[in-house]
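**Q** Pasting the sequence and the predicted coordinates here, then a few questions.
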Amino acid sequence: TRSKAANFDLMTYWASLMVQINQKLNEAIPVQYPPQIYEAMRYSVLAKGAKRAPPVMCIASCELFGGSRLAAFPTACALEMVHAASLIHDDLPCMDDSPSRRGRPSNHTVYGVDMAILAGDALFPLGFRHIVSHTPPDLVPETNLLRVIAEIARSVGSTGMAAGQFLDLEGGPNAVGFIQDKKYGEMGECSAVCGGLLAGAEDDEIERLRRYGRAVGVLYAVVDDILEESLKAKGDNDRKKKGKNYVEVYGIEKAEEVAEELREKAKQELDGFEKYGERVVPLYSFVDYAIDRSFAIDETGR
Amino acid sequence: AIVLDKPTTTFDFTAYMLQKADKVNKALDAAIPMKEPHKIHEAMRYSLLAGGKRVRPLLCIAACELVGGDEETALAAACAVEMIHTMSLIHDDLPCMDNDDLRRGKPTNHKVFGEDVAILAGDALLAFAFEHIAVSSKGVSPARIVRAIAELAKSVGSEGLVAGQIVDTHSEGLSDVGLERLEYIHVHKTAVLLEAAVVLGGLMGGGKDDEVEKLRLFARSIGLLFQVVDDILDVTKSSEQLGKTAGKDLVADKVTYPKLLGIEKSKEFAHKLNQDALQYLSGFDEEKAAPLVALANFIAYRQN
């Protein structure tokens, strides 16, 4: 199956899902009174250039077990909502103090710090609400929905992404490894696991998705750091945070070694899904894409 | 200088309240143990275990018992509501919001742990509330837990607490805030979560749909009542008596019921809301409704 992944057209698969996800996110956050909060929420959730990797991984994991896309869309959207909420709060002046994100002013730069905090506070519960009120009841039993809610809550919570952000602020020796594990590994793990839960996968399969998703999430972050260092070498040097880049801390050779290990680990986990045949192919192709970045993701697929 | 004259009842409310609050406090303490990273969990526990009257969890448990459920069935939901309440207080107290230094008689969360940790602790409490209700609700059908999650999520988000906070902040210093807008603020800042507490109790306790809806109407009345009384206390009590900064509505130039109606008319309005609330309970068994009746009276006649 690994070899088939090489020929799989991930770009088309990803781009077509992105169109649907963006449309559903747009519908999920209509502007009501008071309009300011909805505009602030929409600004971050519907930001152009968002790759929608968590939702796509969630849907691909659900389809692996023969689950319907329709079962996965609400959770896929919820992953983007809670992810956006985390990023809005991470960017705040008292946190990472990032004036921009994805080439646009960050949420608080546009709407103010108070509105940015509240937009995040509103997006977390909207995510949970979206799952329980939009997932077709005939496709997913309530017990599985509750496991999805618990999974997402845990991964954004005090031992997950909030912990990652805290460690990011505290710094300290070897912090970069923990930070990437918590901030990026969590989201990958959660996305894959939620897809499996929605499709009713067995517990050992869920654990396999857990390890796969975490490896892919961290892999993305390590490769991002490698790409960032190479940009810096070309003179693009506007990064302000020291000691937060894996390459800066451990060197390029070690970073490439770690990336290769993560690629192999993720693929080994997927080998355990052999019996699902070609449905596992999209999950393989994410792993290679994480390293190769062979195309730019956008809605048009070009 | 009490707000209203207190009626006499035979139900031993103080004993009931102490017993339930003790139960809730123990459950909250157990729900969030210390673990890595310590500082976030310490910050979560600092505000969550800071005392407080536990009005929302008590309402949740009392509503559950009213429709025939038992305390244990509603305990996870009761704790979840209190976690959300605490999280909203932590974020509302931040310098960029209401900028409060004192809460429940102690320095506010960001004063002790810093703004960054206060924001993260709030986020973590918000997420954990949903995890807790999904994982730790006992003896309730998954279908009911799912309904409870939808209800709770609605009450905290952009149609609930968040909307209230925004309209409140945007109304400060405005001269033309009328009763309608004031009611919107209070309903969204306070009543929605009291409503969620009561409705969750009714759902967890196995209440029929019409029972849950009656409980909802009861909760809406006491929710607004809660805030009207809060407004009155803010102008009639000292910071020491309240355990939080008194007179700050005046300082912030916030519109309040006393400001719009005067103290006497505000008290009359509180009285009417209390009567309305009790009406909605009239169809229930009198003995089983006693705790909710007493809670409504407690909200009306409390001194801080």
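**A** Cool, the structure landed.

**Q** Where does the prediction get shaky in the chain?
**A** Defaulting to chain A. Chain A contains residues with pLDDT under 70 at A:173, A:235-243, A:297-302.

**Q** My question was about chain B, not that one.
**A** Residue ranges of chain B with pLDDT under 70: B:1-10, B:239, B:242, B:244, B:250-252.

**Q** can you name the farthest residue from the center of it?
**A** The outermost residue of chain B, judged against the average C-alpha position, is residue B:36 (29.3 Å), by C-alpha atoms, centre = their mean.

**Q** ok, that one touching residue A:163?
**A** Yes: assessed by C-beta atoms under 8 Å, residue B:36 is found in contact with residue A:163 at 7.4 Å. The C-beta positions use only the backbone N, C-alpha and C, and glycine is treated the same way.

**Q** Quick check: residue B:39 vs residue A:258, distance?
**A** 28 Å (C-beta to C-beta, to the nearest Å).

**Q** For these two, indicate the residue with more neighbours.
**A** Using other C-beta atoms under 10 Å in any protein chain shown as the criterion, residue B:39 and residue A:258 rank with residue A:258 on top: 20 against 16.

**Q** residues in contact with the more buried one?
**A** A:222, A:246, A:250 (C-beta atoms under 8 Å, 6 or more residues apart in numbering or on different chains).

**Q** one step back: distance-wise, check the residue farthest from the centre of chain B relative to residue B:17.
**A** 36 Å.

**Q** what do you get for residue A:260?
**A** 62 Å.

**Q** count of neighbours near residue A:268?
**A** 13.

**Q** Next: residue B:61.
**A** For residue B:61, the tally of surrounding residues (other C-beta under 10 Å) stands at 29.

**Q** just residue B:79 next, same as before
**A** For residue B:79, the neighbour count with other C-beta under 10 Å is 28.

**Q** Please list all residues in contact with it.
**A** Contacts of residue B:79 by C-beta under 8 Å, 6+ apart are B:24, B:27, B:28, B:31, B:57, B:129, B:132, B:136.

**Q** can I get those in TSV with neighbour count, distance to residue A:233 and secondary structure?
**A** Below are the contacts of residue B:79 laid out as TSV (neighbours: other C-beta atoms under 10 Å in any protein chain shown; distance: C-beta to C-beta, whole Å; DSSP: H, G, I helix; E, B strand; the rest coil):
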residue	neighbour count	distance to residue A:233	secondary structure
B:24	22	57	helix
B:27	19	55	helix
B:28	22	52	helix
B:31	21	49	helix
B:57	29	57	helix
B:129	31	46	helix
B:132	23	48	helix
B:136	16	51	helix
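
**Q** Return only those of these found close to chain A.
**A** Among the contacts of residue B:79, none lies close to chain A by the criterion of C-beta under 8 Å from any C-beta of the partner chain.

**Q** rewinding a little: from the contacts of residue A:258, pick the one nearest chain B.
**A** Chain B has its nearest neighbour among the contacts of residue A:258 in residue A:246, at 20.2 Å by C-beta to the nearest C-beta.

**Q** Hmm, the closest one is touching residue A:180, no?
**A** Yes: between residue A:246 and residue A:180 a contact is recorded at 6.6 Å, counting by C-beta under 8 Å.

**Q** is any part of stretch A:192-200 close to chain B?
**A** No: using C-beta under 8 Å from any C-beta, we find that stretch A:192-200 stays clear of chain B, coming within 11.9 Å at best.

**Q** Give me the buried positions along the helix or strand that residue B:227 is a member of.
**A** Residue B:227 is part of helix B:209-236, with elements assigned from DSSP states H and E. Within helix B:209-236, the residues that qualify as buried are B:211-212, B:214-216, B:218-236, counting by 16 or more other C-beta atoms under 10 Å in any protein chain shown.

**Q** quick revisit: so the residue farthest from the centre of chain B: helix, strand or coil?
**A** Classification of residue B:36 using DSSP: H, G, I helix; E, B strand; the rest coil returns coil.

**Q** Need phi/psi at residue B:107.
**A** phi -60, psi 140 (degrees, to the nearest 10).

**Q** How about the contacts made by the closest residue to it other than its chain neighbours?
**A** Of all residues not flanking residue B:107 in the chain, residue B:101 sits nearest, at 6.4 Å (C-beta to C-beta, 6 or more residues apart in numbering or on different chains). Neighbour list for residue B:101: B:107, B:108, B:111, B:245 [criterion: C-beta under 8 Å, 6+ apart].

**Q** Also residue B:278?
**A** B:293, B:296.

**Q** which parts of the stretch 1-150 of chain B sit against chain A?
**A** Checking the stretch 1-150 of chain B against chain A by C-beta under 8 Å from any C-beta, the hits are B:32, B:35-37, B:39-41, B:44, B:87-88, B:91, B:94, B:96-97, B:114-117, B:119-124, B:126-128, B:130-131, B:134-135, B:141-143, B:145-147, B:149-150.

**Q** Buried subset of those, written for ChimeraX?
**A** To isolate the buried members of the residues of the stretch 1-150 of chain B next to chain A in ChimeraX, using 16+ other C-beta under 10 Å:
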select /B:32,37,39,40,41,44,87,88,91,94,96,97,115,116,117,119,120,121,122,123,124,126,127,128,130,131,134,135,142,145,146,147,149,150
